[in-house]
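Peer 1: Sequence and computational prediction follow.
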Amino acid sequence: MIAFIIRRLFASIGVLIAVGLIAFVLFRYIGDPVNQMVGIETPESERVALRQQLGLNDPAPVQALRFLANAARLDFGISYQFKQPVSELIGARMPATLELAFVASIMSLVAGIPMGVYTALHRRSALAKLFEALSLVGISLPTFLIGILLIYLFAVTLGWLPSFGRGDVVHIGSWWTTGLLTKSGLKSIIMPAITLALFQMTLIMRLVRAEMLEVLRADYIRFARARGLSERKVHFRHALKNTLVPVITVVGLQLGSIVAFSIITETVFSWPGMGQLFLQSVQNVDIPIMAAYLLFIAFLFVIINLVVDLLYAAVDPRLRVAIHGA
Amino acid sequence: MTAPLLSVKDLRVEFATRRGPLTALDGVSFDLAPGEILGVVGESGAGKSLTGLAIIGLLDPPGRIAGGEIRLAGERIDNLPPEAMRKIRGRRIGMIFQDPLTSLNPLLRIGDQLVETILTHTSLTQRQARERALALLTEVGIPAPEKRIDGYPHEFSGGMRQRVVIALALCAEPALVIADEPTTALDVSVQAQIIAVLKRLAREHHAAVILITHDMGVIAETADRVAVMYAGRIAEIGRVDEVVRDPLHPYAKGLMAAIPTLEGRAARLAQIPGAMPRLSAIPPGCAFNPRCPNVFDRCRIERPPPLAIGTRRAACWLYDRGEVASPAKEAVS
Amino acid sequence: MSEITVELPKSEPTSRSFLGRVKDSDLLASFLSSKVTVVAGALTLIFFLAAVFAPLIAPTNPFDPASNFLIDSLNPPRFVTGGDPRFLLGTDDQGRDLWSAILYGLRVSLLIGVFGVLLGGAIGITLGLIAGYAGGRIDSIIMRIADVQLTFPAILIALLVDGVVQALLKGQNREQTAFGILVISIGLSFWVQYARTVRGSTLVEKNRDYVQAARLIGLSPARILARHILPNVMGPVLVIATINLALAIITEATLSFLGVGLPPTQPSLGTLIRIGQNFLFSGEWWIVTFPSITLAALVLAVNLLGDWLRDALNPRLK
């Protein structure tokens, strides 16, 4: 088991290094760090000195290593547009995004899994048909349209909920801020979280439904029926557990992508998170932020992958043995 | 003869398709005495498994029983409400499927699967159920059952898993066990063991068995009677020794000639030319007529009913002597 | 599964080619059997026709600044009180006729979607065939890249590609480059699924007797891939392409909405929605509403077609 985790960790570090190299290429060759750091009137001699000082004249592998080493220390350089350290900028906006992603994940799981199970078990019922129709609409409506629709309904027409921002936030510790402890903060997160959750919920529902239908066709389900077990037992003891094994992986990755998807939601609701920062950096070709964000997302996926692997082993005995044996 | 345990009469199974219903089983009739072992043979697609599934009430839609009746100990069971039928499954009719590798839930310990089945059909306590599960595992020949009972299916070999499956099917002492190709997926070396276990347990628990297989050798060794199926119909049914030694129906003849024997080392295995028709293209008259070496005009027009010949019945016009009254004349449509 | 599947009738001798399967699955019959699918098909057709003939249908050319007058800006739709009869769906802040802008926007959205899907398909199919046929190290390199990319949402990849290409084309006029950048972004975001599917099928097909035979008689790998393997994987590829078309349209709209897609001077549906969103609070609801409805209906129709196609070509679901 420990050997397995260590092996996975090494594979993950490999992925991180690969993404880090891509980030380095972005950083070093697509944006010119010097041009971005100095004014137009800076004399050439100063530029040359700066190049030397930044180590831009060193061989590429040395620069790459330095970039990775800095990245490992969370030093991503200075943002072109804000003239501030990238890690500070991202750190200040991380709580908003993570909080939004967390609430949206919970929403999509709590709604998506039961809806998927229900539609698989009662394929012909009216409610299942409604869920399926809704899921198709959920997949077809772009996230930003859902956001606009919600704003129009609940902010413009009804005036119940704020249409932008995070509300009042409370500081926890030295750098974390939360909106979940204030009334305005809670009101503010409802619409963005629903917007972000809807698409994931749809995917989770469809996935659970498809997996469950697949499992219900399995021989052991037929054999369980042939032994006279109650439908309830067949569905919830035999089928659901087997359904959740493959679902865990996909759902894990889906939840990871919620953070990336929040770019859109944050734009619609002017949510002061990392996604907005990233979007601004794309618009302004602010390469250090783009590179750092890319690495952050990669890191997030690595963590999620690891958690998914562990969950998998907890659920599926076959894997436990495979892991022990390997 | 004692009152039959199972009586299937004119069973007809259809599949609804876009082009209208397809008849997969047609006019299947047989009786089964308590404790008797009936072998069912035929090519794949002949309707063997469907017969078993229809009896236990597990036909997958769009398949459905479209006619005839099934009686268990005199009581009709083909039209029971789902909940009543569920109580019969496992309790009075057990079923064993082809592939022991996929018949067990991979995520549940085998002990838990046994205990939940026992608890479903009896009023034993958890502890008693576990005792019973251990006893069953011993009976089916699992060594050191107290160690294996908390194992997961993947920790067992194929043969051992099929033993567990048999234990599961026999949990609640059903009077009838339907074994659908129970050894096909296993190594040849363990096939005989599994059949022996099945046969022994059926005898000890006084269970009748419907043994579905395409292996005539297994049937000849195990069964009391045999039904030969072709294209959803029973071609011939009778005592095993008679049918094997002297088959009546030309299809059964072909089938028996295809069994390799130790004595006839020089004899080529006979082949029946052609292939079984698809369900959508069953010819009029006798379904076997395009492949039959003894075919004559009547076979192409009129469908032969099961004709009684001694203790046997064969659906073939060769044996229609006029004076033979057919017990299932109404099956002709 | 036990014998039931075997005992189900096979309507025709199973031909394994795509066309054969189309016939086998009674594609047309299943198409007509679902009203929803027929409506979706008709709607998709209408959208494509409207896009192709936009210059003929639209009363004005919204891309031409000379035909729009600021004095006409923010007119409500014709059927609303105070609406100008010249503008069926009203006008935007530039005085552009919204009906014309939607038609042209549809054209742009569909063009980018189709080209993006074609590019993604070309990349994915090629890499999938190579990976599956070559195997070994080439296979593992390609599939490793695919795995890593798959962990990133397409929209993020598209944004990154967009950012990088913009940086590379620094100083170029955005109006000239936006179209190409979007197609490249979408193409590079959506190749993985094709590659995985095609690779899987190629692995299966390459061990079949007819491919072995083709090898023995000395056909070149390229020819075997193109003539023998490719036709057999067209079914799943078509399903992916249809579903990806919907995704590509959404992606383009999202990028344009986020402000990194098409500029307001040549708006796609996403750009129009971005513009309209600013007028949500001031009461000019039509600017955001009509492009949104068009976009939603278009994606929904294509998605429904994709769903149907997937089910119809999947023999297991029948």
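Peer 2: Alright, I've got the coordinates.
Peer 1: Close to chain B: what parts of the stretch 101-250 of chain A are there?
Peer 2: Residues of the stretch 101-250 of chain A lying near chain B by Cβ under 8 Å from any Cβ of the partner chain: A:218-220, A:222-231, A:233, A:237-238, A:241-242, A:245. The way it works is simple: take the backbone N, C-alpha and C, and place the C-beta from them, glycine included.
Peer 1: before we move on, which element is C:Gly235 in?
Peer 2: In this structure, C:Gly235 sits in helix C:234-258 according to DSSP states H and E.
Peer 1: continuing past that helix, what's the next helix or strand?
Peer 2: helix C:269-277.
Peer 1: Just want the angle from the helix holding C:Gly235 to helix C:269-277.
Peer 2: On the basis of axes from the mean of the first three to the mean of the last three Cα atoms, to 10 degrees, helix C:234-258 is oriented at 30 degrees to helix C:269-277.
Peer 1: Wondering if helix C:234-258 reaches chain A at all.
Peer 2: Yes: using Cβ under 8 Å from any Cβ, a contact is recorded between helix C:234-258 and chain A, made by C:246, C:250, C:253-254, C:257-258.
Peer 1: The residues of the stretch 101-250 of chain A next to chain B also near chain C: which ones?
Peer 2: Among those, chain C is touched by A:219, A:222 when using Cβ under 8 Å from any Cβ.
Peer 1: Return, as residue ranges, the portions of the stretch 1-150 of chain A with sub-threshold pLDDT.
Peer 2: Applying pLDDT under 70 to the stretch 1-150 of chain A flags residues A:1-2, A:30-40.
Peer 1: For it, give the residue positioned nearest to chain C.
Peer 2: As assessed by Cβ to the nearest Cβ, chain C sits closest to A:Ser140 within the stretch 1-150 of chain A, at 4.0 Å.
Peer 1: if I look at that residue, how far off is C:Leu304?
Peer 2: A:Ser140 is 8 Å from C:Leu304, where distance means Cβ to Cβ, to the nearest Å.
Peer 1: so who does the residue nearest the centre of chain C touch?
Peer 2: Geometric centre of chain C, nearest residue: C:Leu245, 1.5 Å, by Cα atoms, centre = their mean. C:Leu245 is in contact with C:113-114, C:117, C:302, C:306, counting by Cβ atoms under 8 Å, 6 or more residues apart in numbering or on different chains.
Peer 1: so what pLDDT did it get?
Peer 2: Here the pLDDT value assigned to C:Leu245 is 90.
Peer 1: what's the distance between it and chain A?
Peer 2: Applying Cβ to the nearest Cβ, to the nearest Å, the value for C:Leu245 to chain A is 12 Å.
Peer 1: cool, B:Ala185 as well?
Peer 2: To chain A, B:Ala185 is 10 Å away according to Cβ to the nearest Cβ.
Peer 1: Give the burial count for the closest residue to that residue other than its chain neighbours, as a bare number.
Peer 2: What sits nearest to B:Ala185 in space, not counting adjacent residues and going by Cβ to Cβ, 6 or more residues apart in numbering or on different chains, is B:Asp99, at 4.5 Å. Residues near B:Asp99, counting by other Cβ atoms under 10 Å in any protein chain shown, number 22.
Peer 1: do B:Pro82 as well
Peer 2: Neighbour count for B:Pro82, taken as other Cβ under 10 Å: 8.
Peer 1: and the residue lying closest to A:His122 once chain neighbours are set aside, what element?
Peer 2: In this structure, A:His122 finds its nearest non-sequential neighbour in A:Ala128, 4.9 Å apart by Cβ to Cβ, 6+ apart. Using DSSP H and E, A:Ala128 maps to helix A:126-140.
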